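K.L.:
I need the structure of the sequence given here:
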Amino acid sequence: MGRKLFGDISPLTYAIAVKRQILQRKLNDVLKRTRLSQTRDTLDLPVVVYRHNSLIRRKLGDVDLALQENKAVSLGLAAPHIDGILIRPGETFSFWKLVGPCTADKGYRTGLTINNNGPASGIGGGLCQFTNLLHWMVLHSPLDIVEHHHHGEIDLFPDFNRQIPFGTGTSVVYNYLDYRVHNSTDNTFQFRIALTQEHLRGELRAMVALGVKYHIKEGESYFQEVGDTVYRHNTVYRSVRDKRTGNEIANELIVQNNARVLYDRKLINAPIRQEQGDTSDGPALG
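P.N.:
Residues are numbered from 1 along each chain as shown. Below you'll find the model as predicted:
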């Protein structure tokens, strides 16, 4: 058995390790003199780059519905910290710099989290849906994603009204697992965020119209049985086309997922490939 990490020894050492990570992040930002976005404008920038609505309450297996109601409250508390924020040339957007720590004292509630590659719960749980929305909009822009964490190694819940490809989500933990975007263009961008009873609504806006259009597409999507385990495989690409000519000028791989399915295979709404006979394009399991 390998030697335990300091943070795995006890709850106290875990708390100390987390605090160290938080302080290290703050120190790094100071030492690197990172220009973080902090300016907000209540008026919309003139150009809509991309907009998307994310359903707040979804059917997630046998997850307690109260956790989703709590998530809705937490999303409502975080939204005003992001709404209207400008990402000016040379600036870096940091989700946690703007939202800050999510505590019960601020009104954040216990929601769904992921811990040790499985579902768990914690204060502020569910805010990854917020960064999922931001990330999906950013993928349709020239903004540079400089920090992004995702849990593509597991497929936690069966699809329910899925609107975006599997594996394009994010994972955030205050503040050492952040979602950060850098603006290396000469254009200014803006996030507009609002909540309705059913949706978290987002817009990415800009000062000047873009000369290209981005399209995210999924390929090579299938489930495959390996031994007693089912894996979900897919690839996600981003195509960039010149608006004037319609020509594709770039086509890049965004992510490739080989995720272990954690829910009952009866809930999979697609054929499951067998291990034998599919070795040519099966999941890479290391």
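K.L.:
what segments of the chain are helices?
P.N.:
For the chain, helices defined by DSSP state H occupy the ranges 11-32, 65-82, 95-99, 128-138.
K.L.:
in TSV, list those helices along with distance to residue 150.
P.N.:
C-betas here are computed from N, CA, C, even on glycine. Below are those laid out as TSV (distance: least, Cβ to Cβ, whole Å):
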stretch	distance to residue 150
helix 11-32	19
helix 65-82	18
helix 95-99	14
helix 128-138	9
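K.L.:
show me the contacts for residue 210.
P.N.:
For residue 210, the contact set (Cβ atoms under 8 Å, 6 or more residues apart in numbering) comprises 47, 49, 141-142, 187, 243.
K.L.:
relative to residue 44, how far out is the residue nearest to residue 193 when sequence neighbours are not counted?
P.N.:
Excluding the flanking residues, the one nearest residue 193 by Cβ to Cβ, 6 or more residues apart in numbering is residue 83, at 4.3 Å. According to Cβ to Cβ, to the nearest Å, residue 83 stands 11 Å off from residue 44.
K.L.:
ok, the most centrally placed residue in the chain to residue 128 distance?
P.N.:
Note on the chain: the residue nearest the mean C-alpha position is residue 170, at 2.3 Å, using Cα atoms, centre = their mean. The gap separating residue 170 from residue 128 is 6 Å, by Cβ to Cβ.
K.L.:
with residue 227 instead?
P.N.:
Residue 227 sits 30 Å away from residue 128, going by Cβ to Cβ.
K.L.:
so for these two, which sits in the more crowded spot?
P.N.:
When neighbours are counted by other Cβ atoms under 10 Å, residue 227 and residue 128 differ, and residue 128 comes out ahead with 25 against 7.
K.L.:
list the contacts of that one.
P.N.:
Contacts of residue 128 (Cβ under 8 Å, 6+ apart): 169-172.
K.L.:
what residue ranges in this protein score low on pLDDT?
P.N.:
1-8, 59-63, 276-286 (pLDDT under 70).
K.L.:
ranges for the strands of it?
P.N.:
47-55, 86-87, 92-94, 110-114, 119-123, 144-147, 154-155, 180-182, 189-195, 199-206, 212-226, 229-242, 248-261, 272-273 (DSSP state E).
K.L.:
let me have those strands in CSV, extended by mean neighbour count and distance to residue 16.
P.N.:
Putting the strands of the chain into CSV (neighbours: other Cβ atoms under 10 Å; distance: least, Cβ to Cβ, whole Å) gives the following:
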stretch, mean neighbour count, distance to residue 16
strand 47-55, 16, 35
strand 86-87, 22, 34
strand 92-94, 23, 24
strand 110-114, 20, 20
strand 119-123, 16, 18
strand 144-147, 14, 23
strand 154-155, 19, 27
strand 180-182, 20, 25
strand 189-195, 21, 34
strand 199-206, 20, 34
strand 212-226, 15, 39
strand 229-242, 18, 35
strand 248-261, 15, 31
strand 272-273, 16, 44
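K.L.:
how about a markdown table for these, with distance to residue 20 added?
P.N.:
What follows is the strands of the chain, written out as a markdown table (distance: least, Cβ to Cβ, whole Å):
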| stretch | distance to residue 20 |
| --- | --- |
| strand 47-55 | 33 |
| strand 86-87 | 29 |
| strand 92-94 | 19 |
| strand 110-114 | 20 |
| strand 119-123 | 19 |
| strand 144-147 | 18 |
| strand 154-155 | 27 |
| strand 180-182 | 20 |
| strand 189-195 | 30 |
| strand 199-206 | 32 |
| strand 212-226 | 37 |
| strand 229-242 | 34 |
| strand 248-261 | 30 |
| strand 272-273 | 43 |
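K.L.:
what's the closest of those to residue 32?
P.N.:
strand 92-94 (9.9 Å; Cβ to Cβ).
K.L.:
got the contact list for that closest one?
P.N.:
Applying Cβ under 8 Å, 6+ apart, the external contacts of strand 92-94 come out as 34-37, 85, 87, 143, 146, 178-183, 191.
K.L.:
tell me the one of these nearest residue 165?
P.N.:
Closest approach between the contacts of strand 92-94 and residue 165, by Cβ to Cβ: residue 179, at 17.9 Å.
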